[in-house]
Each structure stands twice: as structure tokens, then as C-alpha cells.
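Visitor: Next input, structure requested:
(chains A, B, C and D)
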There are 4 protein chains.
Amino acid sequence: MSDKIKVGIIGAGGYGGCGAIEILCNHPHVEIKALMAKHDTGRPISDLYPHLTGFCDLPVLDAGDPNRPDDFDVVFFATPDGVGQKDAPNWLKKGAKVIDYSGDFRFNDLEIYKGYAARIGKPQEHASPELLPRAVYGLAEFHRPKIAAADLVGNPGCFAVSCNLGLAPAVKEGLIEQDSIICDAKTGISGAGKTPTAAYHYPARYDAINAYKISGHQHVYEIERQLSLQAGTEIKITFTPHAVPLCRGILSTLYATLKPGQNIRKVLEAYREFYKNDVFVRVFGPEKPQISTNVRGSNFCNLSVNVDDRTAKLIVVSLIDNLLKGQAGSAVQNMNIMFGLDEAAGLMHPGMYP
Amino acid sequence: MSDKIKVGIIGAGGYGGCGAIEILCNHPHVEIKALMAKHDTGRPISDLYPHLTGFCDLPVLDAGDPNRPDDFDVVFFATPDGVGQKDAPNWLKKGAKVIDYSGDFRFNDLEIYKGYAARIGKPQEHASPELLPRAVYGLAEFHRPKIAAADLVGNPGCFAVSCNLGLAPAVKEGLIEQDSIICDAKTGISGAGKTPTAAYHYPARYDAINAYKISGHQHVYEIERQLSLQAGTEIKITFTPHAVPLCRGILSTLYATLKPGQNIRKVLEAYREFYKNDVFVRVFGPEKPQISTNVRGSNFCNLSVNVDDRTAKLIVVSLIDNLLKGQAGSAVQNMNIMFGLDEAAGLMHPGMYP
Amino acid sequence: MSDKIKVGIIGAGGYGGCGAIEILCNHPHVEIKALMAKHDTGRPISDLYPHLTGFCDLPVLDAGDPNRPDDFDVVFFATPDGVGQKDAPNWLKKGAKVIDYSGDFRFNDLEIYKGYAARIGKPQEHASPELLPRAVYGLAEFHRPKIAAADLVGNPGCFAVSCNLGLAPAVKEGLIEQDSIICDAKTGISGAGKTPTAAYHYPARYDAINAYKISGHQHVYEIERQLSLQAGTEIKITFTPHAVPLCRGILSTLYATLKPGQNIRKVLEAYREFYKNDVFVRVFGPEKPQISTNVRGSNFCNLSVNVDDRTAKLIVVSLIDNLLKGQAGSAVQNMNIMFGLDEAAGLMHPGMYP
Amino acid sequence: MSDKIKVGIIGAGGYGGCGAIEILCNHPHVEIKALMAKHDTGRPISDLYPHLTGFCDLPVLDAGDPNRPDDFDVVFFATPDGVGQKDAPNWLKKGAKVIDYSGDFRFNDLEIYKGYAARIGKPQEHASPELLPRAVYGLAEFHRPKIAAADLVGNPGCFAVSCNLGLAPAVKEGLIEQDSIICDAKTGISGAGKTPTAAYHYPARYDAINAYKISGHQHVYEIERQLSLQAGTEIKITFTPHAVPLCRGILSTLYATLKPGQNIRKVLEAYREFYKNDVFVRVFGPEKPQISTNVRGSNFCNLSVNVDDRTAKLIVVSLIDNLLKGQAGSAVQNMNIMFGLDEAAGLMHPGMYP
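Guide: Down below sits the predicted model:
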């Protein structure tokens, strides 16, 4: 037991914390040492999430409780914006690595962070601006070597994982007109978290679909940031998220105008080449259309690459489980990389069907 | 009773037939005289659709049965492609008006019809090409006067209603670059009809979303046809339909590049002007985002008009109930117009919530 | 307009108020005069329920606002327990009739009310005990003449409608052992109202079923009360409600041991006789099993009557739409009776399918 | 690899086969050697179930193909009634153990089998009656030692698992009146299998609940059989299954009249004692009501034990995932026992939430 990675999870009470526990309780190289949250302190986590009974019955502790364990090798901040940027320094000082789920460490550029923070209505001053330069954006397929060397990772947003993976080969290889990108994203409701709201009350949602934050979603920042890095030039996108009566899954339909001379064969080749070493990205051509259940419950991203010859459009359908590759799965994947483990350790499950 | 419009419904056993019965059984100026279908002949319709018990218990008849009533004022063909084009001439000769739900009479141009027919895998020869010139496309908001004068109406496809209503003001008034249109449509499963399929089996669908017929859906033809008529120039669109775990509703997110000088105020004004006389189209600005339940169970189309200033995109979210404004509701609206009734007769219900 | 019944609705912001508006906005003999609620005062109701746009755009008023209209012929209290009992006297004094949705006026016996109130955690003192003797239990099929003469009606609980209608013929005619009744009820989530809760958050509910308040649900009181009245002897039942991932509908499976000599033919006959004058109750034998969609969106109660000969059990499956026959539909049915209208006025719709 | 258990799965194309593959592809002591089915032969299983891509890409073979592998240690018949009874003898002769999902080997008594076969409309002659005496009913919690010694196991029906586990302690310990049992079961739609039907078409089911096979479901036979064995006397039950809009899960609400002198404390003690050695059964008292998501995606059965003192009823709510503890999970549990492995090998996962 002594050589297992000791994990602490802050924000254990939300879906993102629960997702990490589900993976880590069966991870061969991990020991969950402590769960922390603001609410429900004192109760075993299996009271909040009874399916964990017998798998993880640790009590929920107050992160500020001086008696809680503090000898973690890694701390997961499964918390909203603003928490990690305040507390990460303490943990880093103690020698723990930090993986933060929020936007706090997704931008290693303070100016971009400020734009992002304004968008989400947070104070634009970052609590730990000195950490930003060492923070790595936690999308393994883009930044694996940097993640391996990092002690502070900003886990990507769920929409961003979906759009970034779906567009990177096209922007990097210059297959498309860079100013023509439209991202039409559809998300399952679990992406909005555990707190009940009027919009996601079962009777209001079971047979309802809507677009929201039209042209104003905060994930635009990290999508544009990452695609710009891939392209080597500044990229702007049009992005519309939709809420659909689905629990798990994001399907992003990504449109862009192909450059002259491109065709489906060349595009597919570029996508396959780009992801040839990425175990969790599967690329499919038009003959194998994909459905969200192909990735539900797993850490995979399935990309369905299509071309509309009539209008010279690239149409990529990108599918992930928003709580796994879109959140806790990526977080564990990052942890594996940061600790030199098999990148897929604890994550190599197909999910369940139906 | 004698001055009521006598209606016959062919294809009464499907969702489209059922939808017409639901409306017409309470319509103040209509008497349903006969229901016809290929299957379940001899059984009362309320055996197939028990919620109709006491409202409509007519037997399902064989349309070829010589003893069935034939003195209809109007015949609804709630049938798939290929049926109406064969049988409509007989009914027209008897003096009945005809409203056909399929693509058989949506194109008054034989060449366009052939392209459409090839796309859906039907023989490209139309069975009654001589009728095409007098067939009117049954979207009241575009062709009200022609519908009023018509005896043969091709009821529009559900996706087409959604996209056409959402885009017409923009293309007609030249607000957008005409070659920049992308339609990302999401449909409820009732749009696929009553016949069970593997893709829409409950366990396969309840938590699944997928794109399908990418760049190949047959409704593209009538959308391009109608938008071209509005624009006075040929329009091509990129169109991607998606199946989402929803029963009723189509949400189409419509993207186009704004021409220089346009802005949300001008665009909204154009939309409101275009639909100022259309009782079933409601136009909303960005401050009132819409959800599919706002139109579910009613004949309304709600349009949410937005502009993304960062990328100069028009983003219109168009919402209908695919079985009402997208099918049976439009059919009854057309009937009302064809018979000089109040266009909203029998249709002026808000639907139910939740 | 002047001879229309003038209706005021208190608690207009909840599902029960919305349901009444949906019916009454198209009711031939009614004018909705005012909507009142504690929250959202000043906003048009169509802001809260946008599907009502154009059908009812009245503002939400504070019931205590001295400037609100007060010349109602009838006031609907679509409010939780405790509101009607305080305010009904004022309205009755002004000459309005009152229909209350809560348990406040379901018991014309103060002692029974106290037991009920204790169960739901309310003060056991009734605010208007003097009104209880004239309050009539608003289940038309049981108390039509009294309702016709009443000015104060306690609208029944949704589970109670379902169980009472399903069991009354059996207990009244003595077909069963009176101490053997088990009611296993399954409800759609709309029955819990509009306020979002953790248990009915979409991700928590879309694929989840549970029993709740096992042997402790408050509707037991009114079921036992009404069945005892029918039987002429005291009846006790075992009652277990379940929440299922359904929006609209209650299905109650009602079990009781048949008395010797009973069989399906006799039982069916008794049920049909009992309901022979009730337009909204439909009785079916074992050959026509029923499904909740047969009554969804309508005011009907469908009863499927079965006998298990192996174990001598009566098994009645009782189906209603919890928001219509289980709530707003019954309220309007009561109003119709109280004002001498056709009992079905405004209610004679089949609902929609699928 | 050579010391792994070699598994062949017949009927691999259905949900039951898929469920076994999902478990076995990550089972530490198993190698899936071949997949067989009547349909889709020649295609990789990951074409039928794309989520298995990379986990199991074996082709689907014809079970009658002479070239398919035949050196299995165990053969799973994930097939409907009638298949296993014909083919099991061949595999047993070759030395393979057999686990059959259907009713073919659930009864080691030919007369009971005949009644069961008549109920499901199958020929009453069993194809291999000589095997029945050695067939063991595959519910580990009842027959673990016999399963350990068996080479032929009849895996139990999903409803039967749920009801049997929920009632066994009560009947064995004589806590209840043995003729008073009522089982009200609610099942997710995945229990009906992969083949699409009108009743389980998404639009027909997403908001619909119904009872079916009232007093006539075939699982009654094995429930009565097993409970009678536990009780040492003949038990008859009333059983009503319901289909609810749920994918995975069975919730059975089990009612029985308590014998005098019983109370919740004694009953709970009896239940805990009965299952004290059973890792996959969790017993809860009234203070911890259970929901189906507590067992979804796992092999657990959660029992919530309650007493209604007013009516002296025992009310047990029994929850399983119908495709795991109710089918493939039990099958693997049986395999583990038959091969002397840890009973929980490959099965010790908590499932996922939400």
C-alpha cells in the first residue's frame, strides 16, 4: 500500500468528485486518502453517493480542518472557479501535485484569464498569478510532455475537450479557412452539475431542448486559445451550446470551410496521423457514423470526419462522455501522465450498453 | 352537420394521421368522414390510438374498398412518398381538394423533383407530372394566396418548416452572405414515425444523440428551393440533422455570415416585419431565449434571433413541434386557408406544460 | 363577455395554476380575471410560462394587493396546504365560490383533518374549522350532487383520485375483503410540483425509480376516508408511492382479496354499473390492457379490471394524468358542476400522442 | 494466457451477450475465445456494439460452423428459451461447463418445467430432460455449494432474482403469512432485449407506464419454486410486472402480512443474518430508502426492509440492475463459483453516477 499514490479530492461532493472516486477506487496504483468538501462534512461519501457503499466510505472532511490528512501526492480540485487559485499554492508547497477542474489554471496568460474571468462574472484578479506560467493545459493529446513535467494542471472544460479534439488536426494542418469555424455543441445535463435548478428539473427537461449563452459561453476562451496555439495564428470561433435531455455526453458538430484542394481522403489521413499515438481518440470516416453511446461511460473521444462536397464544408462530429474524457477521466489521465504511469491506468473500460 | 367540411384521411394509422384526427375531431367546421390505411383495416382507430376513444372511433378502411365513403371535400394523404402522386388524381377528379404530407407535391418543377426522388431512393419518374404545376408548397407564411386558390397542396417537411421560417427574412432582405448558411437541426424521435427501429428502440435512444445523413438529408432540396425563391437567387445550404432523446420538437440552429452594416436591431426589425401578419410565428430577440416546450403541443414557430458580433454571424434558433407546425398542424392550417376559414380554426391551443 | 364566469386563480405560478389556465383560456364560459401568486408579481404569466403567450398574458398580482380585481365568481386556490384555510373565508364572504387544491378542505371532520395535518407536519389547528362542515370532497364521481350545491370544494389529491376511483366499486359492492387492500402507486415527477429538488434533478431522475414515504404518505387519509364512506365501514389500506422517470401520469396497481364467489365477469359488471353515468371514467376488462398515454393530456381515468384466479386477487390498474384528472382537470370539472354547466365543458380533449 | 478460463458465448449479439462481454473483457482470469450468434455472422462484435472497439473485436461466428473454436472451459448460452436445451449436451460432452440464461435449466423438475413452457408458448417436451436433475438454479445466495459443484447452471430470470432475494428471509424464517405475498415489479426496458417493438419505441415509451401480463408472467414459476424450497412448503404469489421509462433497473415492491409478534427490528435482523455472507446483497432499514441508481451498473441487490404497523405488512423494496445481477452479472458470478475463483472477480465495480 505504501507505494501507492496518495490522492486527496477537494470538492468530493459534486459529480466531478464522484467521477474521480469511481475511477480511483479501482485504480491499481492509487489510494484515496481523504475527501474534502464544503457541505456534508462528517458524513461518509457513500451517504451522498450510495452506489459507492463498500468501495469508498471515507468521511467528507472540511478542507480547512487541521486534523485532516495532508500528505497527498496529488490533490484534485473538483471545485468551481476561484477555489483552486486560492488553495493550490499551499498544496504545491507541501510537495503535492495539483489538478484543477476549473478555469483557474487553464490559461498561462494573465490577460486571457482576465477576459475569461470577466465572462463568468468573477473578479478579474487571479489569486495566484505567479502560478500561471507553470500551469499546463491538461489535454494530453496536445500537451503530453508538458503534463508529464508539470506539478500544476488545469483540467480542460468539457465543451473545450470536445471542440479542441475535433478541430485541432484541421487547424494545425491548415485544411480549413481559419475564420470559418462554427461549433454547434449539444450537452447532457450532468454537465451542469449536481445542484438542482429550474431549467434542469425533470419535468422541465425530459422533453425539452434549448440553446443557451448564444455567442457568450466561457469555454470559447480556451477553445480559441488552444486552437490558436495549434494553428500558430489567432483563431476565432462561433460557438453555440445546447442543453438536450440526455444525462451523459457531448456531441459537437464542427463546421469549417475546406481550403481548395482538400477532400475527405486527405482530411481523414490528417486526422489519423494527428492522433496516431493517442489511445483515447478514435477517428472514423463517413461510413461509420457515431452515436454518443459509443463513448458513454468511457474515456474515449470518437471523431466522425465528414466532408460536404456541395458546399466544401468539413463537418466533424466529436463525441465524449462529458464526465469522463470531459472531466474526471481526463483528470485521471493527466494524473497518470504526471506520475509516469500507463496513461490508461484505471481508465481502460468500454462503458456499458445500453 | 351538413355544412361541415367532409374530410377523408389516408394513412390514418401513422403519427401524421393521428395528429390530424386529434385536431379535426374538435375542429368547429369539420366532420371526419372516413379513415383509410393499408394496415389494421376493420379496426376502430381508437384501438390503435386508445386516447381517441369516444372522440373518433371510426373504423380503418382500405382506401381501395369500393364501399368506403368517397364524398370528401378534402383528402389528407398522411402517407409516405409515392402514394399521393398515384392516387391524388382520382380524388381531384371527384372534386376533392388534396393535401399531401410527403415530398410528392412539394416541387412544382419536375427536374428538382427528380433530384429529390433520387436522394430518397424512389423512382425518379413522377406518377402524375401533369399535376406538379398546380401543386402549391404548403407553407402559409410564404404562399398564403396561392394556397387559398389551390386544390393540391404539398405539405412541407418538418425540418424544412423549421429552417425555412428561420431563414426567409434574412435571405429575402439580403441581410446575409447567401452562400454562408449552415443549418444544424435537432429533432425529436416522433419525426421518424411510428414504426419501431433499432435506432429508436427505447434503450438505444433514451440517453443517446447522433448526427445522421450528414450532408445528405432529402429536406435540403425543399429548403434550398424555397430559400432560393425568397432570395431571388440560388441558395445552397449545409444541413446536418441530429436525433436527440426528445419526443416532440425540432430545434434548428441557423448560422449565416451577416453582411457589413447589419446588426441585431436591424435584423430583428426585418424578422418582425416579415412575419407581422403571421399568427403562428413569434419572433424573439436575444433577451428572451426560447426552449422547445414553448411550442410543444401547439402550431407555433418561435424564432430566437441573435447576432454574434465577434464573428459577424446571424444565429437564429427556430423551434417547432415537428408533428404540428411541422406536419399535421400545417396541414390543417392549409385546409383552413383553402376553404376560406379562419386560418387558426381548431389550432389555437397553447399546448401543455410541463 | 358579461355572462362569463369570472375566475381568479391564487397560486397561478405553479403547475396546478398553469394547468387551470391552459384549460380555462379556451373554456367557452369562463373569463380569467386575475392571477395571483407570492412570487413573480408584476410579470406577465406568459413570462413564466411562455407557451401561454397570446393565450393568457395577465400579470401575476399579489393576492393581498388592494388594487387587484376582487369580483370573482369563483376562486381557485392552486396553493399548498395552509393557504386556502386562511383566505377562503374572505372570498366566500364576497360571494365567490372556492375550489381549493390542497388538503385544507378535503375533510369535513376536524379530527381526521388533525391526523392528516400532523402527517404533513402542519399545525393541527385548522384556521377555519367552521367551514369544514360545508366543504365538499371534489371527486365528481362520488359526490356530484353535493358539489353542485357547494360553494367550497376541496379538490382531491392526485393519488387519491387514482386509488379512490379504482377501488370504490369493489368496496361499495362488497366484492373484496375490506382489510386486504394494497395500493402500489407510481407517479410522474410533475406531481411534485415546479420547485427543483435534488431528487428530481434531471440527471438524478432520468433513469431512476424509487419508493418513498413507505406507509407514510398523507393521501392515505383521504383514500381511507372516501373508501370508508363508500363501504359504510372503516377501511384501512397499505399504500406505497413510487417516483418513476415519467412527467405526467399516475398508475396505481390496486390489489385486494376477492370474496368467495366473485369472478372477473361479476366484478367488471359492478365497475361498469358504478361508472355508467361518468363521462370521464372508462372501464376496461383484461383483454384491453391500458397504458398511461391513453389518458395523458386528458381528464379521463382509465380503469383496467383484472382477476388473478390462482390467488383470488382483484387487480385494478387505475390510470390518470396527475395534473388533469388528478388536479386542474378535476378542479374545472368541479367548477362546471358548481355552476350548472356541462360537466365536460373545456375538458373534452383526447390529449396528444405520442 | 494459457491458464485463463476459455469462454465461448452463444447469443453474443443480444444485450445479455454484450453484458457478458463487457464484464469478461476485463476479467482477470478469463479469455473470451469465441462469440456465436444467428445473426450478423462474420462481423466483428464491435460493429454491433461500437463501444467495445478495442476491447473485444472478435467476429460473430455461426455456432454451427465446424471451423469455430470448440475448446471452451465454459459456454454461456445468452439465448432465448429452447436453444440451450438442444445444444447444451454437445458442450457438456466436450467437457465444457454450461451457463444458460433462459428458462431451459431453471427447473430440475420436469413437471414444473412443462407448466412453465406452456405459459411461454413453447413445446412442453424438454429436449434434454435427462439433464434437468443435474441443472442447478443459478442464484448464488441460495445455492452456492451446488453451483460450485455443477457443470450446468440455469441462470435466473431478472424479476425472479429481484423477488427471490427480497422474500427469501421472510419465507424461510416464517415471518409472514405464506399465502399473502404480492410482488409489484417495475422493470426498465432493457429487460425486453434488443429487438425493437412498438411498445418500446422511444416515442411510445419515453413518458409511458403500463402493467402487463397481469397474473400471467412466466417468472412466477421460478419465484414460487424457489420460495417454496426456502419455506419448505408450497408458496403461491400474486405478481404484476410493469414497464416504466427506465433503461436499467428492476424495483420490486414486495408485500406480505406479518405474523403476529413480528416487528421491524426482528425482520431486519433476520434479513441481515440471511445475507451475512453474501457480498452482493446489501440490506437497509427504513431510515435508508433506496433508489435504483444505487445498483445501476453494478452486480448488487439492495434490499430496503420496511414494516407498516397500521396494517401489519412487511414491505420490502428490492433493487437490482436487470442486466447485471439480473442477468450477465449473475452469470459471471456463477462462473466464478463454478471455477473456484473469487465470487466477485470482474464484478467489483460500483457503477457510475449519475
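Visitor: Close to chain B: what parts of the stretch 101-250 of chain A are there?
Guide: A:179, A:182, A:184, A:186, A:188, A:203-204, A:207-212, A:214-215, A:236-238, A:240, A:242, A:244-249 (C-beta under 8 Å from any C-beta of the partner chain). In short, each C-beta sits where N, CA and C put it, glycine included.
Visitor: so where's the stretch 251-354 of chain A shaky on pLDDT?
Guide: Of all residues in the stretch 251-354 of chain A, none has pLDDT under 70.
Visitor: Start from the N-terminal end of it and give the helices.
Guide: A:264-274, A:329-338 (DSSP state H, counting those that start in this stretch).
Visitor: Give me the local confidence score for A:P123.
Guide: pLDDT, A:P123: 85.
Visitor: do the same with A:H217
Guide: 89.
Visitor: Contact partners for it?
Guide: A:F159, A:F239, A:T240, A:P241 (C-beta atoms under 8 Å, 6 or more residues apart in numbering or on different chains).
Visitor: Closest one of these to A:I10?
Guide: A:F159 (23.2 Å; C-beta to C-beta).
Visitor: Just the ones of the residues of the stretch 101-250 of chain A next to chain B in strands?
Guide: Mapping those onto strands (DSSP state E) picks out A:I182, A:D184, A:K186, A:N210, A:A211, A:T238, A:T240, A:H242.
Visitor: so the first one bridges to which residues?
Guide: Applying DSSP bridges to A:I182 gives these bridge partners: A:T238, A:Y255.
Visitor: Next up, the contacts around it.
Guide: Counted by C-beta under 8 Å, 6+ apart, A:I182 has contacts A:I237, A:T238, A:F239, A:T240, A:L254, A:Y255, A:A256, B:I182, B:Y255, B:K313.
Visitor: Apply 6 Å and report the result again.
Guide: A:T238, A:Y255, B:I182, B:Y255 (C-beta atoms under 6 Å, 6 or more residues apart in numbering or on different chains).
Visitor: can you put the residues you listed in CSV and add distance to D:A140?
Guide: Supplementary listing: the contacts of A:I182 in CSV, determined by distance: C-beta to C-beta, whole Å:
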residue, distance to D:A140
A:T238, 56
A:Y255, 53
B:I182, 56
B:Y255, 57
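Visitor: which among these gets closest to chain D?
Guide: A:Y255 (23.8 Å; C-beta to the nearest C-beta).
Visitor: what residues are up against that closest one?
Guide: Counted by C-beta under 6 Å, 6+ apart, A:Y255 has contacts A:I182, A:K313, A:I315, B:I182.
Visitor: The same query, at a cut-off of 8 Å, please.
Guide: Taking C-beta under 8 Å, 6+ apart, one finds A:S180, A:I181, A:I182, A:C183, A:D184, A:K313, A:L314, A:I315, B:I182, B:D184, B:T238, B:Y255 in contact with A:Y255.
Visitor: Pull out the buried residues from the residues you listed.
Guide: A:S180, A:I181, A:I182, A:C183, A:D184, A:K313, A:L314, A:I315, B:I182, B:D184, B:T238, B:Y255 (16 or more other C-beta atoms under 10 Å in any protein chain shown).
Visitor: what about the longest helix in chain A?
Guide: In chain A, taking DSSP state H as the definition, the longest helix is helix A:158-172.
Visitor: Which neighbouring elements make contact with that one?
Guide: Judged by 3 or more C-beta pairs under 8 Å, 6 or more residues apart in numbering or on different chains; DSSP states H and E, helix A:158-172 is in contact with helix A:140-149, strand A:182-187, helix A:219-231, strand A:238-243, strand A:250-257, helix A:264-274, strand A:301-308, strand A:313-320.
Visitor: for these, which one sits closest to C:M338?
Guide: strand A:238-243 (42.6 Å).
Visitor: and the angle from that closest one to helix A:158-172?
Guide: 150 degrees (axes from the mean of the first three to the mean of the last three C-alpha atoms, to 10 degrees).
Visitor: how about the nearest residue to A:A168, chain neighbours excluded?
Guide: A:Q230 (4.9 Å; C-beta to C-beta, 6 or more residues apart in numbering or on different chains).
Visitor: ok, the one you found - contacts?
Guide: With the criterion set at C-beta under 8 Å, 6+ apart, A:Q230 makes contact with A:F142, A:A168, A:V171, A:K172.
Visitor: show me the contacts for the first one.
Guide: When contacts are counted by C-beta under 8 Å, 6+ apart, A:F142 is found next to A:N164, A:A168, A:Q226, A:L229, A:Q230.
Visitor: Could you report the pLDDT at it?
Guide: pLDDT, A:F142: 98.
Visitor: One more: A:S2?
Guide: Confidence score, pLDDT, at A:S2: 55.
Visitor: A:C18 sits in which helix or strand?
Guide: helix A:15-24 (DSSP states H and E).
Visitor: Report all helices and strands that the helix or strand that that helix is followed by contacts.
Guide: Counting by DSSP H and E, the element after helix A:15-24 in chain order, helix or strand, is strand A:30-36. Judged by 3+ C-beta pairs under 8 Å, 6+ apart, the packing partners of strand A:30-36 are strand A:5-10, helix A:15-24, strand A:60-61.
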